[in-house]
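Novice: Predicted coordinates and the sequence they were generated for:
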Amino acid sequence: MTLPERQLANAIRALAMDAVQAANSGHPGMPMGMADVATVLYSDYLKFDPTDPKWADRDRFVLSAGHGSMLAYATLHLAGYARPTLDDIRNFRQLHSPCAGHPENFELEAVETTTGPLGQGLATAVGMAIAERHLNALYGDHLVDHRTWVIAGDGCLMEGINHEAIGLAGHLQLGRMTVLWDDNKITIDGSTDLSTSEDIAARYAATGWHVESCDGHDPADIRRAIDAALADPRPSLIACRTIIGFGAPNKQGTSATHGAPLGADEIAAARKELGWTAEPFVIPADVIDAWAGFGARGKELHAGWSDRLANNEKKKEFEAHLSGKAVPGDAFKAYLDGLVAEPPKVATRKASENTLGALTADIAALIGGSADLTGSNNTKTSSTKPLTKDDYSGRYIYYGIREFGMAAAMNGMALHGGVVPYGGTFLVFADYCRAAIRLSALQQQRVVYVMTHDSIGLGEDGPTHQPIEHLQSLRAMPNLLVLRPADAVETAECWALALAQENRPSLLALTRQNLPPLRHDVTENLCLKGGYCLRAASAARKVVLVATGSEVSLAIDIADRLEAAGYGADVVSMVSTELFDEQPAAYQADILPNDVLTVSIEAGTTFGWERYTGRHGLRFGIDSFGASAPIDDLYAHFGLTVDAITPRILAKLGN
């Protein structure tokens, strides 16, 4: 007997009600409202194999409205995935349960991306859609032919990142991306009329999207709208008119169902309203069987795909491309040898460009881009032609002035697989990207942020563009590797390190101004240890100068002055505090001993450097905003010169 689709959808509603009630915390309204849409999506459209959540050619499904996480957990369980189990769902929002308050990609294999910060899921999905089109252009429909589906709420469409994301998707005509908008006209505060009156459909249409609408509780109308979306070459928005908390007779359609348990009485009334007689956390066998059938179709598609892959002449190349390995090759080695033969005096942003020239020749998975600063970030190479709506095989994306959208899209590309993304902007604009950088770190994704103009060294553009607090605030973020190289060799080493980080993002902080060559040996990647002794003291060591980036050459000059005064000074290049902190205690103690004066020098805030200098050390930096002036005048003004720093060190030493 064929079960009514409403009954299949009610299984989602029941699990959502019961789990939120058991946790006494959560958001039942969205899963109950979008249950019919999700059921149609899983039954007729979504390509998935529950026995292999990481099948390369599966459709990507993103629950951008992550607060409605029980929609994801319920559908994954019903569709036959090994996790979450019913016990997992019973422990919704509890410690060590994979059913976290918001979906986490590192908790459940079938969760494509961590969502919760509204709008980022949709923007991440844009990156997934880009990756699909790129790989399709390389390997064809036989191996890469899947879609990206998003369920988004009103909040996702209100967030500013939505503007950036849909503009990029429309411009690139990502027609295999479909957004199912939970158009329930409710936010936490109440009706959306309280805060917005814009024509969302018109906004999407203006950015090059195809727009449909449907009754989100009518399966036939939902299918009609999805079919129309699939037939259109543009990305599609489907406004699914729904009732939040559908089935809860006294609370549906109100914000009362958004972010709180329904309560025992309302759940009992909802069960009666929906005709759902099963006990809490019990799914009738016929419902289980019907949902299992949805996954059976995907298993057949997977088997056919596996046969095609086995007989494809590009099989090895395809598997290597998707392996996630990004190992520098012959071009990179030749470049390193050239740095030793002819040490260049260049800005580290230029050194990064030169490094990328070799890396993008070696590694086909590298896809770069910039938020309208290509000529300043130096992120494009001869190997990276533009990725456009007419040629998705390109490896360089012109993101426009969309820093946040760029960062989120890079997360999506990394999560999709087959792409190692990097993208550039000015370091000060890391603030625009920060929420997406945080999700890169939380999701353990290899995304490389190329952040140039990393200090007052950028000069006349002034304090709006001069980073002060940025480096230390980024270093405070868990699982983010911040790298600030001092010359061309260190820049190359930092790129190699960034690509080796398969479970965390990296941020390269690079200079606008030229820096002298300091390293002349590339037999070992010294940056691997985070901080290392670049030059040892000649006289008896009394001081350790710890510097980063452009200030390392300044530290060398200060050390010369100290040595001339009879005080031995080590110079430590602290490329990455994160990597240094990961070294054995004995190594750290050898580099930064307790019996000498430790001095930090960085053209940014001194906040946090006491961690290495101790309370009695010295910290030279900038604890105010910058100023507009030529670079030499700025360094003199802020006391970051040999003449300003050396006397203070000598005074501390008692001279």
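Specialist: Perfect, I can see it now. Numbering: from 1, shown residues only.
Novice: Distance from the chain centre to stretch 151-159, please.
Specialist: For stretch 151-159, the separation from the chain centroid amounts to 19 Å (computed by Cα atoms, centre = their mean, to the nearest Å).
Novice: Pull up the distance across it, start to finish.
Specialist: Distances were taken as Cα to Cα, to the nearest Å; on that basis the terminal residues of stretch 151-159 are 15 Å apart.
Novice: How about residues contacting it?
Specialist: Residues external to stretch 151-159 that are found in contact with it (Cβ atoms under 8 Å, 6 or more residues apart in numbering): 30, 34, 37-38, 61-65, 67-68, 71, 118-122, 162, 179-187, 192, 195-196, 200. The way it works is simple: take the backbone N, C-alpha and C, and place the C-beta from them, glycine included.
Novice: ditto for stretch 427-437
Specialist: 117, 120, 123, 371, 403-404, 406-408, 410-411, 425, 449, 451-455, 464-467, 470-471, 474, 477, 480, 505, 507, 509.
Novice: Using neighbour counts, trim these to the buried set.
Specialist: The neighbour count (16 or more other Cβ atoms under 10 Å) marks 117, 120, 123, 371, 403-404, 406-408, 410-411, 425, 449, 451-455, 465-467, 470-471, 474, 477, 480, 505, 507, 509 as buried among those.
Novice: Just give the closest residue to Lys185, not the sequence neighbours.
Specialist: Taking Cβ to Cβ, 6 or more residues apart in numbering, and ignoring the residues beside it in sequence, Lys185 has Thr192 as its nearest neighbour in space, at 4.8 Å.
Novice: quick one, phi/psi of that neighbour?
Specialist: The phi and psi values for Thr192, taken as degrees, to the nearest 10, are phi -60, psi -20.
Novice: Show the model's pLDDT score for it.
Specialist: Model confidence at Thr192, given as pLDDT, is 96.
Novice: Okay, helices next: where are they in the stretch 1-150 of the chain?
Specialist: For the stretch 1-150 of the chain, the helices identified by DSSP state H, counting those that start in this stretch occupy 5-23, 29-40, 69-78, 86-90, 120-139, in order along the chain.
Novice: Give me whichever of the ones you listed is most buried.
Specialist: Looking across these with neighbours counted as mean count of other Cβ atoms under 10 Å, the highest average goes to helix 29-40: a mean of 29.
Novice: From the contact counts, what lies against it?
Specialist: helix 5-23, helix 69-78, strand 148-152, strand 177-183, helix 219-231 (3 or more Cβ pairs under 8 Å, 6 or more residues apart in numbering; DSSP states H and E).
Novice: The host helix or strand of Ala165 to strand 148-152, inter-axis angle?
Specialist: Ala165 belongs to helix 160-171 when assigned by DSSP states H and E. Counting by axes from the mean of the first three to the mean of the last three Cα atoms, to 10 degrees, helix 160-171 points 150 degrees away from the direction of strand 148-152.
Novice: mind listing what's buried in helix 160-171?
Specialist: By neighbour count with 16+ other Cβ under 10 Å, helix 160-171 contains the buried residues 161-170.
Novice: Output that helix as PDB, restricted to C-alpha atoms.
Specialist: Taking only C-alpha atoms (Å, rounded to 0.1, in the frame of the first residue of the first chain), the coordinates of helix 160-171 have been written out as PDB:
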ATOM      1  CA  GLY A 160      23.900  40.800   4.000                       C
ATOM      2  CA  ILE A 161      25.900  37.800   2.700                       C
ATOM      3  CA  ASN A 162      22.900  36.700   0.800                       C
ATOM      4  CA  HIS A 163      23.300  39.700  -1.500                       C
ATOM      5  CA  GLU A 164      26.900  38.800  -2.200                       C
ATOM      6  CA  ALA A 165      26.200  35.100  -2.700                       C
ATOM      7  CA  ILE A 166      23.300  35.400  -5.000                       C
ATOM      8  CA  GLY A 167      25.000  38.000  -7.100                       C
ATOM      9  CA  LEU A 168      28.000  35.700  -7.600                       C
ATOM     10  CA  ALA A 169      25.700  32.700  -8.400                       C
ATOM     11  CA  GLY A 170      23.600  34.700 -10.800                       C
ATOM     12  CA  HIS A 171      26.700  36.100 -12.600                       C
END
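Novice: where along the stretch 551-655 of the chain do the strands fall?
Specialist: Using DSSP state E, counting those that start in this stretch, the strands of the stretch 551-655 of the chain run over residues 568-574, 597-601, 618-620.
Novice: Serialize those to CSV and add fields for distance to Trp609.
Specialist: Listed next are the strands of the stretch 551-655 of the chain as CSV, based on distance: least, Cβ to Cβ, whole Å:
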stretch, distance to Trp609
strand 568-574, 9
strand 597-601, 4
strand 618-620, 5
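Novice: Compile the ones you listed into JSON lines and extend it with columns for mean pLDDT, distance to Ser352 and mean neighbour count.
Specialist: Compiled in JSON lines, the strands of the stretch 551-655 of the chain are given as follows (pLDDT from 0 to 100; distance: least, Cβ to Cβ, whole Å; neighbours: other Cβ atoms under 10 Å):
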{"stretch": "strand 568-574", "mean pLDDT": "99", "distance to Ser352": "17", "mean neighbour count": "25"}
{"stretch": "strand 597-601", "mean pLDDT": "98", "distance to Ser352": "22", "mean neighbour count": "24"}
{"stretch": "strand 618-620", "mean pLDDT": "98", "distance to Ser352": "26", "mean neighbour count": "22"}
